[in-house]
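Asker: Coordinates for the following, if possible.
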Amino acid sequence: MTVSAGSAGWYLRRLSRMGPREVAGRAVDAVRRRRRRSAPPSCPRVTGARFTAVLPAGTIAAVPPDAAKRLVAEADRLMAGHVTYFGVDRDDLADPDWWHDPKTGRRAPWGHAFDVPYRNEDVAGDIKQIWELSRHQYLTVLAAAYAITGNDRYAERVAGHLRSWWASNAPLRGAHWISGIELGIRLLSWVWVRRLLDGWQGAAGLFEDNPMARSQIWHHQRWLAAFPSRGSSANNHVIAEAAGQFAAACAFGWFPSSARWRTAALRSLERHLRSNTFGSGLNRELAGEYHGLVLELGLAALAEADAAGVPVPAPVRSTLLRMTDALAAVVDSRLRPPRQGDADDGHGLVLDGTGTDRWASLLATGDAVFGRLDWWPDVTGTDVRTPLIAALIKPADLPVSRPATRPGHFADAGLTVLRGPAGIWCRCDGGPHGFLSIAAHAHADALSVEVRHDGVDVLADPGTYCYHGQPAWRQYFRSTLGHNTLELDGVDQSVSGGPFLWTRHARSRVLAVDTGSTCGEGVVARWCAEHDGYRPSVHRRRVELTAATQELRVVDEVRGGPRRSVRLAFHLGPAITAELTGDRAVLTWTRDGEDRSAVLDLPGQLSWRTHRGETDPPLGWYSAGFGRKEPATTLVGTGFTDSAGGFVTVLRFRD
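Answerer: Coordinates of the predicted model:
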């Protein structure tokens with residue numbers, strides 16, 4: 001069933017997932033929105049404003065030459081007017097239209113921000129395309145290019161675009177005043193733009209001596225103080241809001257309310273970093289990219305605190321440390337994290353050019369700030385962000401016990417990684433269905449597995465592709481059939497109430513786990529879990545990885561309940577070619593110029609077919625990033641649950 005956000009039914013379902021406190025808070029927000037339809041107040045008069053949160057001397061000189069070269073190349077592409085967002089190439093960046101969506105050709109309507117129907121792509125265009133440019137993260141790249149080269153043309157372009165944006169987007173007017181996460185990330189970008197332009201003669205005139213800039217900064221912070229994400233929406237959005245508010249209140253602390261905003265934002269950041277993070281260090285949304293986003297935002301906020309000399313509660317640093325260790329633990333041999341849950345290519349702070357590995361950069365920053373552990377994977381790449389962030393963050397002794405060996409099982413998150421020789425990496429999902437009552441960024445993927453060989457997706461998580469505007473595709477990429485798990489009776493394990501809303505959550509539990517040694521001869525790593533999403537039936541899955549034979553065995557059982565139809569899906573990565581004969585598929589691919597292969601023996605009780613690039617309904621697709629999709633082979637077996645001994649699948653990698 002396709003459910004549209006914004007319909008009367010959706011509002012009722014959304015309301016049902018809120019508690020009394022959240023309902024009361026949203027009622028207060030509604031009253032404030034009505035009151036703010038009148039002309040907004042003027043920014044308080046500011047005298048003697050100064051920007052002092054500059055980089056320490058010598059910081060820019062510490063940027064590795066190859067990282068600087070990539071950055072400048074990216075900046076030159078931006079200067080030529082070219083940028084790519086979510087699979088759409090733009091060539092209008094020299095003089096952008098801030099409300100134009102290049103994907104649909106539509107412009108978001110003008111009017112009061114709270115009246116803009118941003119979820120309706122037919123009216124407002126693809127709002128992600130419109131918002132992304134106005135996060136101004138491309139401006140931090142241009143500003144960094146100025147800091148590295150000293151070439152004024154980068155600074156002048158930044159100044160021209162900021163003045164254009166400020167003049168075109170009056171407070172509470174239009175699409176860019178709708179969502180708090182956008183305001184928070186934009187504030188963080190402005191802080192770094194001002195910092196990186198500090199050597200330019202026009203920097204003060206652009207920011208602290210510019211009444212328009214001061215007004216925009218003040219109104220952004222006033223908006224964030226009035227309309228925080230609440231209750232069931234207090235996920236990564238509230239982290240971005242708090243981080244941006246805190247950064248601006250530290251670096252642009254020119255206003256009568258700055259101290260109050262700074263204190264409240266830091267309190268919110270501490271509270272929500274902890275509530276959004278498992279004790280093990282994994283993000284509670286159980287979406288790999290959002291783990292990266294929250295970690296980037298938290299590190300950026302920590303840098304502003306130390307630059308401003310604002311004491312930070314110990315739980316903030318310790319949570320960021322645990323998140324960094326967790327990231328180091330779960331990445332594969334090529335430093336790629338799990339492709340679990342939603343992913344929308346969101347970044348907290350962008351200071352690097354194309355070709356810089358995001359995850360290597362985060363681990364490098366973690367090493368510089370917290371220190372690496374012996375079991376961490378090696379990071380050989382370079383980046384611009386790490387030396388800049390690390391120059392601001394002060395060393396601190398943290399009373400935190402860090403893992404002595406690489407963790408493979410995260411009990412609180414229900415995530416397990418089994419590892420074998422030749423870079424065999426298998427993620428098993430036995431955790432909760434997302435975070436908070438709406439589980440906004442969860443997929444119906446309980447007990448799914450994700451298997452890679454030396455960083456290549458073999459049994460792949462297909463990804464996300466889209467949020468708004470294409471409900472059939474949103475439904476497919478979140479569905480049970482869209483993951484490497486078992487579907488019963490043609491329905492999802494969890495019940496969707498909208499594109500970011502689940503009204504009934506499958507409950508999973510891990511029954512047994514032994515991650516064993518990573519490559520020891522004869523070692524068998526094991527995992528077993530079950531979920532109740534198909535009550536009264538229970539789906540139980542066992543996974544065994546034998547190191548000596550490079551063999552992965554998956555056994556699916558359906559316990560209890562009536563006879564039911566089954567679809568068991570295995571999604572192959574886009575690099576994999578499959579030849580299916582009966583219930584055996586031969587898989588081949590190339591890695592670094594070498595031919596690789598594996599054999600996938602499928603349950604003989606099911607009838608197997610290959611699917612690739614189908615659209616009605618969607619099946620056989622892989623999304624490498626938001627807004628992008630490509631055909632990939634999916635193997636689907638159909639049958640019924642009355643099968644003694646369960647359904648056994650064996651994947652054998654060949655040397």
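
Asker: pLDDT wise, what is G6 at?
Answerer: Note on G6: pLDDT of 60.

Asker: wait, isn't L418 in contact with C428?
Answerer: Yes - assessed by CB atoms under 8 Å, L418 is found in contact with C428 at 6.8 Å. C-beta coordinates here come from the backbone N, C-alpha and C atoms, glycine included.

Asker: Overlap in contacts, those two.
Answerer: Common neighbours of L418 and C428, counting by CB atoms under 8 Å, 6 or more residues apart in numbering, are 527, 543.

Asker: Longest helix in this protein, please.
Answerer: helix 288-308 (DSSP state H).

Asker: Going by neighbour count, list what's buried in it.
Answerer: Using 16 or more other CB atoms under 10 Å as the burial criterion, the residues of helix 288-308 that qualify are 288-308.

Asker: F477 sits in which helix or strand?
Answerer: helix 471-478 (DSSP states H and E).

Asker: what comes into contact with the helix or strand just after that helix?
Answerer: Sequence-wise, the next helix or strand beyond helix 471-478 is strand 486-488, with elements assigned using DSSP H and E. For strand 486-488, the external contacting residues (CB under 8 Å, 6+ apart) are 447, 480-481, 493, 534, 537, 539, 541, 556, 558, 564-569, 641, 647.

Asker: Buried ones among those?
Answerer: The neighbour-count test (16+ other CB under 10 Å) marks 447, 480-481, 493, 534, 537, 539, 541, 556, 558, 566-569, 641, 647 as buried among the contacts of strand 486-488.

Asker: Return the subset of those residues lying in strands.
Answerer: Taking DSSP state E as the definition of strands, the buried ones among the contacts of strand 486-488 contribute 539, 541, 556, 558, 566-569, 647.

Asker: nearest to G202, of those?
Answerer: Proximity of these to G202 was ranked by CB to CB; the top entry is A569 with 56.9 Å.

Asker: Tell me which residues touch that closest one, please.
Answerer: Applying CB under 8 Å, 6+ apart to A569 gives the contacts 481-485, 487, 634-637.

Asker: And D66, by the same measure?
Answerer: Contacts for D66 were tallied using CB under 8 Å, 6+ apart; they are T382.

Asker: tell me the pLDDT at it?
Answerer: 97.

Asker: what about L187, which SS state?
Answerer: Counting by DSSP: H, G, I helix; E, B strand; the rest coil, the backbone at L187 sits in helix.

Asker: could you measure it against I389, distance?
Answerer: With distances taken as CB to CB, to the nearest Å, L187 is found 17 Å from I389.

Asker: Helices of the stretch 151-300 of the chain, start to end?
Answerer: Per DSSP state H, counting those that start in this stretch, the stretch 151-300 of the chain carries helices over the ranges 152-168, 180-196, 203-206, 211-226, 236-251, 258-275, 288-308.

Asker: any low-confidence regions in this structure?
Answerer: Applying pLDDT under 70 to the chain flags the ranges 1-8, 10-11, 14-15, 517-522, 643-644.

Asker: Show me where the stretch 351-500 of the chain has its helices.
Answerer: Under DSSP H, counting those that start in this stretch, the stretch 351-500 of the chain gives helices at 358-370, 385-392, 471-478.

Asker: closest one to D101 among those?
Answerer: Nearest to D101 among these is helix 471-478 (17.2 Å), distances taken as CB to CB.

Asker: May I see the buried residues of the closest one?
Answerer: Using 16+ other CB under 10 Å as the burial criterion, the residues of helix 471-478 that qualify are 471, 473-478.

Asker: ditto for stretch 433-446
Answerer: Buried residues in stretch 433-446, counted by 16+ other CB under 10 Å: 433-446.

Asker: Closest to R21 out of these?
Answerer: R21 lies nearest to S437 out of those, by CB to CB, at 12.3 Å.

Asker: Help me confirm that the closest one comes into contact with S233.
Answerer: No - counting by CB under 8 Å, S437 sits too far from S233 to count as a contact (9.8 Å).

Asker: Reformat the helices of the stretch 351-500 of the chain as CSV; add distance to W177.
Answerer: As requested, those are arranged in CSV below (distance: least, CB to CB, whole Å):
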stretch, distance to W177
helix 358-370, 29
helix 385-392, 28
helix 471-478, 25
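
Asker: N210: which of those is closest?
Answerer: With CB to CB as the measure, helix 385-392 is the member of those nearest N210 (24.2 Å).

Asker: tilt between that closest one and helix 358-370?
Answerer: Put simply, helix 385-392 runs at 20 degrees to helix 358-370, going by axes from the mean of the first three to the mean of the last three CA atoms, to 10 degrees.

Asker: Show me what helix 385-392 is packed up against.
Answerer: If you count contacts as 3 or more CB pairs under 8 Å, 6 or more residues apart in numbering; DSSP states H and E, helix 385-392 packs onto helix 288-308, helix 358-370.

Asker: Can you redo those helices as CSV, where the extra columns are distance to A512?
Answerer: CSV is the format used below for those (distance: least, CB to CB, whole Å):
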stretch, distance to A512
helix 288-308, 25
helix 358-370, 30
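
Asker: hmm, back to that, closest one to E22 among the helices of the stretch 151-300 of the chain?
Answerer: Between E22 and these, the shortest gap by CB to CB is with helix 236-251, which sits at 12.4 Å.

Asker: For that closest one, enumerate the helices and strands it packs against.
Answerer: Applying 3+ CB pairs under 8 Å, 6+ apart, we find helix 236-251 packed against helix 180-196, helix 211-226, helix 258-275, helix 288-308.

Asker: Adding distance to P377 as columns, could you present the ones you listed in TSV?
Answerer: TSV is the format used below for those (distance: least, CB to CB, whole Å):
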stretch	distance to P377
helix 180-196	28
helix 211-226	37
helix 258-275	24
helix 288-308	15
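
Asker: Stretch 205-223: which residues count as buried?
Answerer: By neighbour count on 16+ other CB under 10 Å, the buried set for stretch 205-223 is 206-208, 210, 213-223.

Asker: quick check, distance from that stretch to the centre of its chain.
Answerer: How far stretch 205-223 lies from its chain's middle: 29 Å, per CA atoms, centre = their mean, to the nearest Å.

Asker: What is the nearest of the ones in strands among the buried ones among the contacts of strand 486-488 to Y146?
Answerer: Checking these against Y146 by CB to CB gives A569 as the nearest, at 49.6 Å.

Asker: how far away is that closest one from G455?
Answerer: With distances taken as CB to CB, A569 is found 23 Å from G455.

Asker: which residues touch stretch 582-597?
Answerer: Applying CB under 8 Å, 6+ apart, the external contacts of stretch 582-597 come out as 453-456, 458, 572-573, 575-579, 598-604, 606, 608, 635, 637, 653-654.

Asker: buried sites along that stretch?
Answerer: 583, 585, 587, 589, 596.

Asker: same thing with stretch 12-28?
Answerer: 13-14, 17-18, 22.

Asker: same question, stretch 452-460
Answerer: If you call a residue buried by 16+ other CB under 10 Å, then stretch 452-460 has these buried ones: 452-454, 456-460.

Asker: same deal with stretch 488-508?
Answerer: For stretch 488-508, a neighbour-count test (16+ other CB under 10 Å) marks 488, 492-503, 505-506, 508 as buried.

Asker: Looking at these, which two lie furthest apart in space?
Answerer: Distance extremes for the buried residues of stretch 488-508: the farthest pair is L488 and F500 at 24.6 Å, using CB to CB.
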